[in-house]
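> Below: sequence and its predicted model.
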Amino acid sequence: MKDISTTSYRSSRNAAYPKRRPSPSGISKHHKTPPLGPPPVTRRTPYSAKVVFLQQRQRQAQIAALRKQGIFLEEEYREDIRFYMHEMERYTMSSSQSMDQQPEIRWHMRPCLVDFLVEIHFTFRLRPETLYLTLNIVDRYVSRRIVYIKHYQLVGCAALWIAAKFEDAKERVPTVQELAQICRDTYDESAFIQMEGHVLQTIQWTLGHPTAEAWLRLLCCAPSVEEEKVQHVARFLMEITLFYREFIRYPPSSIALGALTLALFLCGKPRRIFEETEECLEIVSYLDNRLAKHVNDLSETLVKKYSYAFYSKAATFVVQYYLQGGRFVRQSFMSLPMTPPRHSTSGASTPMSATTSVSDVSDDFPLTPTSPSSFSSDPFSSSCVSEDDKENLPTTFEPIINKQRTEVPPDHFLPHDFVAFGRPALHHLNGSPRVITLVS
């Protein structure tokens, strides 16, 4: 009686592994073809695999949280987007020199207009980009057209209307009737429509200005996501730059980086030192000086706006910091240890004869050890085997070291911990150069 299980197993095995027919030309070797799938994955230790997995989950959670706020990240096109934004910000910059030539408008009037626009922007709950685009449109228009005082507020409202249509949802855009009501019926409704067309023609319908808010979102999402408090403090500092003339000449990318740098410092977070530029540090210096000297002169509307818990009370935090006398400290790069230059007069150098060439003394070639003048190169000379000349009796040459003059290595060549331990206090890492002391 046959075993059914055995025969079924053999038949299934033959179906899975069919027999190869012999080659008519003889025995042929079977060459295995390489697999067409993805390359084999290198094996990781359990700890490293767990770390990578946790990093991926953290990154996915951050991206999901940003998408809930309406921020979408396309990491594949990040560099292309940054390149295009740099080009556009150069193309859509305004000129403070042209604005200086206005016959009626003066710079002390600008904070009043910005304060008015900030209040309208906050009342209608518009996006942050809308406010920066509004001021950019106003500045570009004022750079090219003569604007009288009686039309200054009209230009600001028309710019806000254009920016809201470009950036915000349709239901949040203020209507012409609401704008006329806000201006207390100073202008007719037709004046807003007429000014809108004139502003768009003046700026040649170019509205794709990369605002400081857009740059800040890029900076806060890569390489790591910054905390909400840091972002809110940076936004508060960026809106301060809209009020004053000295910040107009800087591109939005530098303003965003400068505001983020100062915000990280104020919140006690590690700064991005290798990303900081000279323009960025100039903006930080302007902001720091203005807040230290005129912190009580800030816009009440702006301070009230950023004093809510929704913005992490950023205005209260910054104002209290500067009222207590805090200031920004510019962190300098630590100097890396360098190889000290070798001089021919070193105390540990090898004695040289009078025939030493310039190449032997230079730093490009090592010093050539030469025999003392009393040591003769003739092995049969009597001076070589003299009993009185005990210095030359050893067969191996030993360099003569001047033990009376020993160099102590300078402090900046030593490890930092050793220097901090050996000295009571280090006020400046890169202070005056250390003086080499000689041990007598």
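That came in fine, so what should we check first? Numbers count the residues shown, from 1 in each chain.

> and the next element down the chain from the longest helix seen in the chain?
If you go by DSSP state H, the chain has its longest helix at helix 46-68. Next helix or strand after helix 46-68 toward the C-terminus (DSSP states H and E): helix 78-91.

> Mind listing residues that contact that next one?
Helix 78-91 has contacts (CB atoms under 8 Å, 6 or more residues apart in numbering) with Glu74, Thr206, Gly208, His209, Pro210, Ala214, Trp215, Leu218, Ala222, Pro251, Pro252, Ser253. Any C-beta I mention is one placed from the backbone N, CA and C, and that applies to glycine too.

> and those residues, which of them are in helices?
Under the assignment DSSP H, those contribute Ala214, Trp215, Leu218, Pro252, Ser253 to helices.

> Report the contact partners of the third one.
Under the criterion of CB under 8 Å, 6+ apart, the contact partners of Leu218 comprise Arg78, Ile81, Arg82.

> Let me see the confidence value for it.
Note on Leu218: pLDDT of 86.

> Check the spacing between it and Val284 real quick.
19 Å (CB to CB, to the nearest Å).

> Pull out the buried positions in stretch 249-269.
250-267 (16 or more other CB atoms under 10 Å).

> now do stretch 220-234
Cys220, Cys221, Val225, Glu226, Lys229, Val230, Gln231, His232, Val233, Ala234.

> same question, stretch 300-310
By 16+ other CB under 10 Å, the buried positions in stretch 300-310 come out as Thr301, Leu302, Val303, Lys305, Tyr306, Ser307.

> ok, the closest residue to the fourth one other than its chain neighbours - how many residues close by?
Right, the one you point to is Lys305. Ranked by CB to CB, 6 or more residues apart in numbering and with sequence neighbours excluded, the top spatial neighbour of Lys305 is Phe122, at 5.3 Å. By the measure other CB atoms under 10 Å, the count of residues near Phe122 is 14.

> can you tell me the helix or strand for Phe122?
helix 110-123.

> Name the next helix or strand downstream of that helix, please.
helix 128-144.

> who's in contact with that following helix?
92, 94-95, 98-99, 102, 105, 113-114, 117-118, 121, 147, 155-156, 159-160, 162-164, 166-168, 199, 202-203, 207, 209, 211-214, 235, 238-239, 242, 248, 252.

> now it against helix 110-123, angle please.
150 degrees (axes from the mean of the first three to the mean of the last three CA atoms, to 10 degrees).

> on that earlier part again, quick check: pLDDT value at the residue nearest to Lys305.
94.

> which stretches of the stretch 201-350 of the chain aren't confidently modelled?
222-223, 332-350 (pLDDT under 70).

> quick revisit: sort out which of the buried residues of stretch 220-234 are in helices and list them.
Those of the buried residues of stretch 220-234 lying in helices (DSSP H): Cys220, Cys221, Lys229, Val230, Gln231, His232, Val233, Ala234.

> how many other residues sit next to the closest residue to Arg245 other than its chain neighbours?
Leaving aside its sequence neighbours, Arg245 sits nearest to Trp107 (CB to CB, 6+ apart; 5.0 Å). For Trp107, the neighbour count with other CB under 10 Å is 15.

> isn't Trp107 right up against Glu246?
No - in this structure, Trp107 is not within contact of Glu246 by CB atoms under 8 Å, at 9.9 Å.

> returning to that earlier point: quickly name whichever of the ones in helices among the buried residues of stretch 220-234 is closest to Ile273.
Set against Ile273, the nearest of those by CB to CB is Val230 (15.9 Å).

> Okay, that closest one and Phe265: tell me how far apart.
10 Å.

> and if you look at Tyr141?
For Tyr141, the distance to Phe265 - CB to CB - is 35 Å.

> Also Val114?
For Val114, the distance to Phe265 - CB to CB - is 25 Å.

> likewise Leu287?
Separation of Leu287 from Phe265 (CB to CB) stands at 11 Å.

> where along the stretch 151-300 of the chain do the helices fall?
Counting by DSSP state H, counting those that start in this stretch, the stretch 151-300 of the chain has helices at residues 176-182, 189-202, 212-221, 228-240, 252-266, 278-294, 300-305.

> Using JSON lines, lay out those helices together with distance to Tyr321.
JSON lines is the format used below for the helices of the stretch 151-300 of the chain (distance: least, CB to CB, whole Å):
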{"stretch": "helix 176-182", "distance to Tyr321": "34"}
{"stretch": "helix 189-202", "distance to Tyr321": "39"}
{"stretch": "helix 212-221", "distance to Tyr321": "20"}
{"stretch": "helix 228-240", "distance to Tyr321": "10"}
{"stretch": "helix 252-266", "distance to Tyr321": "6"}
{"stretch": "helix 278-294", "distance to Tyr321": "8"}
{"stretch": "helix 300-305", "distance to Tyr321": "13"}
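
> Quick one: closest of those helices to Ala314.
Of all these, the one in closest proximity to Ala314, counting by CB to CB, is helix 228-240 (4.2 Å).

> Now do the closest one: which elements does it pack against?
Judged by 3 or more CB pairs under 8 Å, 6 or more residues apart in numbering; DSSP states H and E, helix 228-240 is in contact with helix 128-144, helix 212-221, helix 252-266, helix 278-294, helix 300-305, helix 314-323.

> Just put those in TSV and tack on distance to Met195.
Formatted as TSV, the helices and strands packed on helix 228-240 follow (distance: least, CB to CB, whole Å):
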stretch	distance to Met195
helix 128-144	9
helix 212-221	25
helix 252-266	25
helix 278-294	32
helix 300-305	24
helix 314-323	32
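
> For Val176, find the nearest of the ones you listed.
helix 128-144 (16.4 Å).

> Report the buried residues of the closest one.
Of all the residues in helix 128-144, those buried under the rule 16+ other CB under 10 Å are 128-143.

> Can you tell me which of these is nearest Thr186?
Distances from Thr186 to these, taken by CB to CB, are shortest for Val138, at 17.3 Å.

> Report the separation between the closest residue to the closest one other than its chain neighbours and His86.
Using CB to CB, 6+ apart and skipping the chain neighbours, the partner closest in space to Val138 is Ala159 (4.7 Å). Distance of Ala159 to His86, given as CB to CB: 24 Å.
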